[in-house]
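>>> Model the structure of this input:
(chains A and B)
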Amino acid sequence: MERTGYVVLFTLGMTVLVALLLSALFYGTKEQAAINEDVFNKRAILGAISDHVEKDVKSMTDEDVLGIFNQQIEQVVLDMDGQVIDGMKAENVDMAKEKKKAEENRLLPLYVYNKQGGDKFYIVSIRGNGLWDEIWGNVALSNDFSTVAGVSFDHKGETPGLGAEIKDNPAFSRQFKGTKIYSDDGDYTSVYVRKGGAKDPTREVDGISGATVTADGVSQMLYTGIKYYLPYFEKLQSGKGKPVGMLVK
Amino acid sequence: MAEATTAAKSAAAKSEPLFGKKEKQLITDPLYDNNPITIQVLGICSALAVTSLIYPSLVISVAVVFVCGFSSLITSVLRNRIPKSIRMIVQLVIIATLVTVVELSLKYLSYPVYKDLSVYIGLIITNCIVMGRLEAFAMANKPWRSFLDGIGNGLGYGAILLMVAFFREFFGKGSLFAGSPAEMKIIGPSGDYFINTMAESGIGSMFSWYSNNNLMVLPAAAMFLIGIFIWIQRSRTPKLVDVS
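Residues are numbered from 1 along each chain as shown, chains lettered A, B, ... in the order given. Just a heads-up that it's a prediction; the model follows:
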């Protein structure tokens, strides 16, 4: 057995060395990692309007993604009453933190995409629970505030091949295009993911076999998540709200 | 000239060759005769968890080769200085440091892959193969050989991982290398898949009846596959069968 002094010294030396090494590496890569994360999140948002951007979102370079955000996307932050909070950018809202707040205090990020040619798309961010952990996504609504133009989902730990299909399988998110979040009578219904196949293709999409809980999570997330934005959309439609185009970027 | 060769020969006779027969064996043995998964039956948990797709399996394999090789090297360099009473902790610190290096580099170089694998990368720390090799080999052997042993075992692990992932992805999802730039969609019901592009126009999708096997996506399928690999390997090479 070694002397205790040697063991203590060895441990201390090793710890200090490892700590120095890792913190140096962490600070050295921090900046680029933050940019990577930013682009990753923005790419996910563009995924919701993939039909309406010029290039394929997956093959865009980082500069393309940031360019679209600088030139064609306005970022707004809303409170739960549908009031625009001045001076805040949507990308600075951390949805994971917002989800932990009491419902009435949450902030809602909204991205407004101005397509070349004049069409506007309103991209809302939603977050909910899947089977194992949180799931989240972005839903793009067309100018009528009822038709879904596209969605993109992501998740923290759903089962690959089952729940993870909400992100991995383009056929799942493709189904949402053209669905409506209001019934014919004008009641808010959101879009429902139905196990065994959609019965009403305007407001329902097919579920994923083997992933019922995740699919129910998606339905629930869509229902509550989009509902938060309705007060603002109603104001916009009735002309009372500040139209987004007037906002300073 | 002749003098130089004799000098080199005598030097080689004194020290062991850098890459001789024994060294080669250190790399090749874990690939088949002493495979960490099918023979030593280590690292099973991660082999079940990450192998539903080829691309993440490939990244994990490269990461394990790196961690296994360099942790063996570092441990072996320090083997006479590591206090015996805390050697396990020291080994763990070395492994954890290297894994963190992998994690930070992935975040720096390829953020989407980091996002897909973040949990599994951290789990390399608990991969029994890495620590097993440190305890069994690196603590008692010279650095160069330990390094080769680590690389060899990492490769042996990776080879099985990729084989399992190939079958699981092909039959479970009908694709290969999904998630990577080289993604190939081979067989499946919709027009996205290669097999249906061969259908003559008018017939539409030839394989619309085809449905992927969801069982292959579940971890249980990896267990069956590894079981089948072990079976094939031992019937091909009977000396590997435990007599007990």
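
>>> does B:Ile37 belong to a helix or a strand, and which?
Using DSSP states H and E, B:Ile37 falls within no helix or strand.

>>> Determine the number of other residues adjacent to it.
Residues near B:Ile37, counting by other Cβ atoms under 10 Å in any protein chain shown, number 25. For every residue, glycine as well, the C-beta is placed using N, CA and C.

>>> Now the closest residue to chain A within chain B: closest residue in space, sequence neighbours ignored.
With Cβ to the nearest Cβ, the shortest gap between chain B and chain A falls at B:Val217, namely 2.8 Å. Of all residues beyond its chain neighbours, the one nearest B:Val217 is A:Gly161 (2.8 Å), with distances taken as Cβ to Cβ, 6 or more residues apart in numbering or on different chains.

>>> got the contact list for the one you found?
A:168, B:52, B:172-173, B:214, B:216-218 (Cβ atoms under 8 Å, 6 or more residues apart in numbering or on different chains).

>>> Disregarding residues adjacent in the polypeptide, which is nearest to the residue most central in space within chain B?
Chain B has B:Gly158 as the residue nearest its centroid, 1.9 Å off, counting by Cα atoms, centre = their mean. Spatial nearest neighbour of B:Gly158, excluding adjacent residues (Cβ to Cβ, 6+ apart): B:Ser61 at 3.0 Å.

>>> what packs against the helix or strand containing that neighbour?
Per DSSP H and E, B:Ser61 falls inside helix B:54-78. Under the contact definition 3 or more Cβ pairs under 8 Å, 6 or more residues apart in numbering or on different chains; DSSP states H and E, helix B:54-78 sits against helix B:87-109, helix B:111-123, helix B:128-136, helix B:143-173.

>>> Show me how far it is from its chain's centre.
8 Å (Cα atoms, centre = their mean, to the nearest Å).

>>> could you give the angle of that helix to helix B:87-109?
Comparing the axes of helix B:54-78 and helix B:87-109 via axes from the mean of the first three to the mean of the last three Cα atoms, to 10 degrees yields an angle of 140 degrees.

>>> Look at residue 238 and say how many residues are nearby.
With no chain named, the answer covers chain A. Neighbour number of A:Ser238 under other Cβ under 10 Å is 8.

>>> my bad, the chain I had in mind was chain B
7.

>>> circling back: adding mean pLDDT and distance to A:Ser59, write the helices and strands packed on helix B:54-78 out as TSV.
Below are the helices and strands packed on helix B:54-78 laid out as TSV (pLDDT from 0 to 100; distance: least, Cβ to Cβ, whole Å):
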stretch	mean pLDDT	distance to A:Ser59
helix B:87-109	92	18
helix B:111-123	81	13
helix B:128-136	90	37
helix B:143-173	92	21
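
>>> which residues does residue 39 contact?
Unless you meant another one, I'm taking chain A. Taking Cβ under 8 Å, 6+ apart as the test, what A:Val39 contacts is A:62, A:65-66, B:111.

>>> that's the other chain; I wanted chain B
B:33, B:233, B:240 are the contacts of B:Ile39 under Cβ under 8 Å, 6+ apart.

>>> Show me which of these are buried.
Neighbour counting by 16 or more other Cβ atoms under 10 Å in any protein chain shown classes B:233, B:240 among those as buried.

>>> follow-up on the earlier one: how close does the residue nearest to B:Val217 sit to A:Ser209?
As for A:Gly161, its distance to A:Ser209 is 11 Å (criterion: Cβ to Cβ, to the nearest Å).

>>> any common contacting residues for the two?
B:Asn214.

>>> Among the contacts of A:Val39, which lie within helices?
The helices, defined by DSSP state H, take in A:62, A:65-66, B:111 from the contacts of A:Val39.

>>> With respect to A:Leu141, which of the residues you listed is nearest?
A:Val65 (21.0 Å; Cβ to Cβ).

>>> Let me see the contact set for the closest one.
A:Val65 neighbours (Cβ under 8 Å, 6+ apart): A:39, A:42-43, A:46.

>>> For those residues, which single residue is the most surrounded?
Neighbour-wise, the contacts of A:Val65 (other Cβ under 10 Å) top out at A:Leu46, 27 neighbours.

>>> re the thing from before, for the helices and strands packed on helix B:54-78, which one ends up most surrounded?
Sort the helices and strands packed on helix B:54-78 by mean neighbour count, taking mean count of other Cβ atoms under 10 Å in any protein chain shown, and helix B:143-173 sits at the top with a mean of 23.

>>> Can you check what angle separates the biggest helix by length in chain A from helix B:87-109?
In chain A, assigned by DSSP H, the helix with the most residues is helix A:4-47. Inter-element angle recorded for helix A:4-47 and helix B:87-109: 30 degrees (by the same axes, to 10 degrees).

>>> what mean pLDDT does helix A:4-47 have?
For helix A:4-47, mean pLDDT is 93.

>>> list the contacts for the closest residue to B:Tyr120 other than its chain neighbours?
In space, and not counting its chain neighbours, B:Tyr120 is closest to B:Val50: 5.1 Å by Cβ to Cβ, 6+ apart. By Cβ under 8 Å, 6+ apart, B:Val50 lies in contact with B:56-57, B:60, B:117, B:120, B:161, B:165.
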